[in-house]
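Novice: Based on what follows, work out the 3D shape:
(one chain, ligands or ions: 2)
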Amino acid sequence: MTADPVAQRLQKRLPVPYTEWLPELVRRNVGKWVDRRFHGYGIIEHISSTGDRVFTVKVGTPPNFRMSTETMRKFIDIADKLGIGGIKITRNGNLEILTDSLDKAVKIKEEVEKMGFPVGGWGPTLWSINSCTAFLTCTTAVVDAPSITKVLYDHLKPYFTGEVKLPAKLRINVSGCPSSCGGFTSDINIVGHYGDAPTYDPERVKLCLPRSAKALEAGHVPEVAEVCPTGAIKVYGKPDGTVGLDVIRSKCIACGRCRDVCDWMDFDESKIGVAILVGGKASNTGRGSMPSIQVIPWVPAIPPEYREIVAVVKKIIDVWRANAREGERIGDWIARVGMEQFYKLLEIPVTKWNKPVAISGEFGIRQFGPI
Ligand code: SF4
Ligand code: SF4
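Specialist: Ligands and ions are numbered 1, 2, ... in the order given. Next up, the predicted model:
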């Protein structure tokens with residue numbers, strides 16, 4: 001047990017001796033950090049009350065933080081050679097290399113840029129794009145969020161590095177399905193969905209239902225209905241004693257969970273796309289935290305270039321850059337000018353089926369007409 005009272009208190013709450021794993025310079029300043037300074041986008045100086053300094057170099061990494069051990073070793077070599085032997089990985093997938101002088105921080109920046117990785121993602125820039133894992137380890141993905149994220153990075157890198165100025169911080173989240181594991185509090189949320197409610201063969205779908213209406217009455221809720229997050233699947237006993245199934249389209253968010261447990265639920269693959277939501281933020285700056293608003297219910301998700309998604313995201317950023325005040329996040333700007341003006345600037349017609357929808361069960365399937 002450490003003699004340091006601050007460390008003792010932390011260990012009580014987190015019953016692992018985590019300070020043992022910290023680099024010495026960080027360990028001896030636990031609880032003593034009092035200030036910070038910024039040196040361009042991507043280098044941050046942290047100042048301790050002891051007079052110690054740590055410099056963080058923020059490195060943009062591949063979507064969903066996927067990289068080979070060989071690449072990781074190269075970063076570790078840089079952290080050992082020029083840093084204080086410490087790296088940190090943020091929840092958004094930035095890799096941060098820690099060092100003890102600005103000169104070394106600048107050299108680290110040069111080394112990682114030589115490897116092909118950008119440094120940035122801090123202040124009024126594009127921060128690391130948050131991507132869920134999607135197909136690689138998840139069972140419910142509809143679109144491959146990391147490959148969409150990669151393409152967005154390719155087009156938006158100057159915003160990440162600060163080469164092109166933005167009015168304020170910009171966070172983008174890409175989710176492979178409407179579960180949206182990254183949440184709805186990013187400035188731009190891109191959420192994969194099937195584009196329409198499932199169809200099914202009424203006879204074959206019986207293989208996923210209780211064998212009789214009596215079993216249903218006895219409380220046997222079939223998994224295909226149980227997994228539906230919005231209660232869009234209704235099962236009912238028929239007069240002939242068998243069981244039927246209905247999908248209530250107005251409730252369906254096209255997530256595909258029903259198909260994960262019942263092969264007889266089907267989707268039209270040509271309708272796979274993403275919904276685009278804007279204006280979310282978790283911070284209390286400007287008008288405070290706000291959830292995203294769905295502005296475009298469906299854009300096709302066509303790999304490998306995802307041109308349509310890139311075009312929409314770039315357009316949103318362009319109109320925001322051209323019209324927002326300094327420091328105004330997308331949500332604050334839209335709240336000031338109004339959604340109608342935002343749509344006008346985006347040059348998107350507001351129709352019955354293409355209109356702003358606060359996050360709700362209406363998410364996902366409206367683009368294909370009446371439900
Ligand atoms: S958002 Fe959907 S696809 Fe992505 S990890 Fe979560 S559940 Fe899986
Ligand atoms: S796609 Fe999702 S929301 Fe729609 S019926 Fe299936 S489980 Fe329910």
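Novice: all helices in the stretch 251-371 of the chain, in order from the N-terminus.
Specialist: In the stretch 251-371 of the chain, the helices defined using DSSP state H, counting those that start in this stretch lie at 257-261, 307-323, 330-337, 339-346.
Novice: Which strands or helices does the last one pack on?
Specialist: Meaning helix 339-346. Here helix 339-346 touches strand 293-300, helix 307-323, going by 3 or more C-beta pairs under 8 Å, 6 or more residues apart in numbering; DSSP states H and E. Every C-beta, even on glycine, is put in place using the N, C-alpha and C of the backbone.
Novice: go again using 7 Å as the cut-off
Specialist: Packing partners of helix 339-346 (3 or more C-beta pairs under 7 Å, 6 or more residues apart in numbering; DSSP states H and E): helix 307-323.
Novice: now do the first one
Specialist: Using 3+ C-beta pairs under 7 Å, 6+ apart as the contact criterion, the secondary-structure elements in contact with helix 257-261 are helix 223-226.
Novice: and with 8 Å instead?
Specialist: Helix 257-261 packs on helix 223-226, strand 265-266, going by 3+ C-beta pairs under 8 Å, 6+ apart.
Novice: deepest of those, which one?
Specialist: strand 265-266 (a mean of 20; mean count of other C-beta atoms under 10 Å).
Novice: would you turn the helices and strands packed on helix 257-261 into a markdown table with distance to ligand 2?
Specialist: A markdown table is the format used below for these (distance: least, C-beta to the nearest ligand atom, whole Å):
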| stretch | distance to ligand 2 |
| --- | --- |
| helix 223-226 | 8 |
| strand 265-266 | 6 |
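Novice: Can you add distance to His155 and mean pLDDT and give these back as JSON lines?
Specialist: As requested, those are arranged in JSON lines below (distance: least, C-beta to C-beta, whole Å; pLDDT from 0 to 100):
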{"stretch": "helix 223-226", "distance to His155": "39", "mean pLDDT": "96"}
{"stretch": "strand 265-266", "distance to His155": "34", "mean pLDDT": "95"}
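Novice: need the least confident one among the helices of the stretch 251-371 of the chain, by mean pLDDT.
Specialist: Of all the helices of the stretch 251-371 of the chain, the minimum mean pLDDT falls on helix 339-346 (a mean of 90).
Novice: Could the C-alpha coordinates of that helix be exported in CSV?
Specialist: Written as CSV, here are the backbone C-alpha positions of helix 339-346 (Å, rounded to 0.1, in the frame of the first residue of the first chain):
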residue,chain,number,x,y,z
MET,A,339,-33.8,24.1,-39.0
GLU,A,340,-35.6,25.6,-42.0
GLN,A,341,-32.6,27.8,-42.8
PHE,A,342,-30.3,24.8,-42.3
TYR,A,343,-32.3,22.8,-44.8
LYS,A,344,-32.3,25.7,-47.2
LEU,A,345,-28.5,26.0,-47.0
LEU,A,346,-28.1,22.2,-47.5
